Each structure stands twice: as structure tokens, then as C-alpha cells.
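> no sequence on this one, just coordinates:
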């Protein structure tokens, strides 16, 4: 949220700056559109990044015109033409609706992927819906609640795109109680030194909200994990 506010503020400054310079006659419209200065490139980049957020709402040209009209009215101190509180709330509802559509599509893709993997016989399926394959059984199992677990992992999407992984030179420690359900279940199946591959539907991973910007809502994800150790929190 802070990033959005900052970007909006900076884009607003761009309008003010552009207006002032036109008034002073220091820069023509054509030179501005060519982005000949570093400032023009900076503000273009900021607007481009902000546009990625607006893209989720699938705006058309008319929608974008109203967006910039609102931005200019706010920048120049004009009275708003709508009830801002009311329509800000409606914007939030619209974003939730669009996120739900994306999540629904991803959930169906995940179901098909999981069915194919089960049919291959490569993975087992637990009662929770987690698909798992124990690559290596660890030396011993320990109680993990209230513990720190030392884990290396590679996280992938169902198209095999890697979205996160640990460095072999820096194996992180995580509070077990704060892990996503898929990780908790996977680690309970192996001991220290154990390795496991899992496929987690969204309800066992990042849910309908996902983990932006890397994971969309409803996405099924895969992990290759190794449990290196278990430690007391203190």
C-alpha cells in the first residue's frame, strides 16, 4: 500500500512539474513526449510500474482518461466529482472480484495438473490433498511445534518456473508454527536430513490471495525441500 501511495504521489508531481514547465515555456510538448531528459524517463518508468497494478482491472481507454482526470483534479486541488470514500470502497470490491476470477482459473488449472501427476503414479496423495514423494528418509523425526526448522528448498510453479529458492551458502531457519500448511505436513513426513518433493494446491499454500507479485491467487505450487535441522527458538 505504501508503494502505491508513493507512486501515485510521484506521478502527481509529474503532472505539476509538467504544468509548471509549460506555463514557463521552458519545454515544448514534443520534447516532453520524446523523453529527452532523465526526469521524463523517471516519471515514465514510475507510471509504467503503476500501470501494472491498474492492468488487473482491465481498464479501457475511457477508464484511463477518467483515472488521469481524477489524478489531475487532485493534484491541482479541484473539488472531486464523485464521493471519494464511496468509490474507493467500490474500487476495492472490484479488485476483489477480479482477483477471485483469476484465482478460480488457477484453481482449475491446478486440479488438472494434480490429476495428471496422480495418474503417473509418481506421487502419493495425503488426506489433506497434498501430493508428496519422499526422496530421502531422514535419520530421525522430532517434534516440530514451537521449533525453528532449518530448510533448503526450490519453489516452482506448475510450468516449472522457479519463483523462489534458497542459497546453498545460507540455509535459512523458519518458525515451524508460521509455515504454510503444505510445508508443515511435508516436514512432518521426513526426519532430519530428509528430502521431499511436494505439490501443494492453493488451499495448502498461498490461498486465493496468493503471494504477489510472484504467486497469483489460487495457484498450485511445487517444492523440493530438505530438512537440515531442528532447533529451539531461544
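Yep, it's here. Because the structure is a prediction, the values reported are computed rather than measured.
> if I look at residue 201, how far off is residue 95?
In this view, residue 201 and residue 95 are 24 Å apart by C-beta to C-beta, to the nearest Å. Just so you know, the C-beta spots here come from the backbone N, C-alpha and C atoms, and that holds for glycine as well.
> Ok, residue 48 next?
Between residue 48 and residue 95 the computed distance is 20 Å (C-beta to C-beta).
> Which of those two has more residues huddled nearby?
With neighbours defined as other C-beta atoms under 10 Å, residue 48 and residue 95 compare such that residue 95 has more, 13 against 9.
> list the contacts for that one?
56-57 (C-beta atoms under 8 Å, 6 or more residues apart in numbering).
> What are the buried residues along the helix or strand harbouring it?
Using DSSP states H and E, residue 95 maps to helix 84-120. For helix 84-120, the neighbour count (16 or more other C-beta atoms under 10 Å) marks 99, 102-103, 106-107, 110, 113-114, 117 as buried.
> Quick check: the two most widely separated of these?
99 and 117 (26.2 Å; C-beta to C-beta).
> Helices along the chain, start to end?
Under the criterion DSSP state H, the chain contains helices at 2-24, 29-33, 38-54, 61-75, 84-120, 181-188.
> Quick one: closest of those to residue 156.
helix 84-120 (11.6 Å).
> Quickly note the distance from residue 228 to residue 153.
Counting by C-beta to C-beta, the gap from residue 228 to residue 153 is 11 Å.
> cool, residue 128 as well?
Distance of residue 128 to residue 153, given as C-beta to C-beta: 19 Å.
> who's more crowded, those two?
Neighbours per residue, other C-beta under 10 Å: of residue 128 and residue 153, the larger number sits with residue 153, 18 against 13.
> ok, that one touching residue 227?
No: assessed by C-beta atoms under 8 Å, residue 153 is found out of contact with residue 227, at 9.9 Å.
> rewinding a little: let me know the closest of the buried residues of helix 84-120 to residue 159.
Nearest to residue 159 among the buried residues of helix 84-120: residue 113, at 9.3 Å, using C-beta to C-beta.
> Spatially, and excluding backbone neighbours, which residue is closest to that closest one.
For residue 113, ignoring the flanking residues on the chain, the nearest one in space by C-beta to C-beta, 6 or more residues apart in numbering is residue 158 at 4.6 Å.
> ditto for residue 206
Nearest non-adjacent residue to residue 206, counting by C-beta to C-beta, 6+ apart: residue 215, 5.1 Å away.
> Near the one you found, how many other residues are there?
20.
> what do you get for the one 4 residues further on?
Residues within reach of residue 219, counting by other C-beta under 10 Å, total 26.
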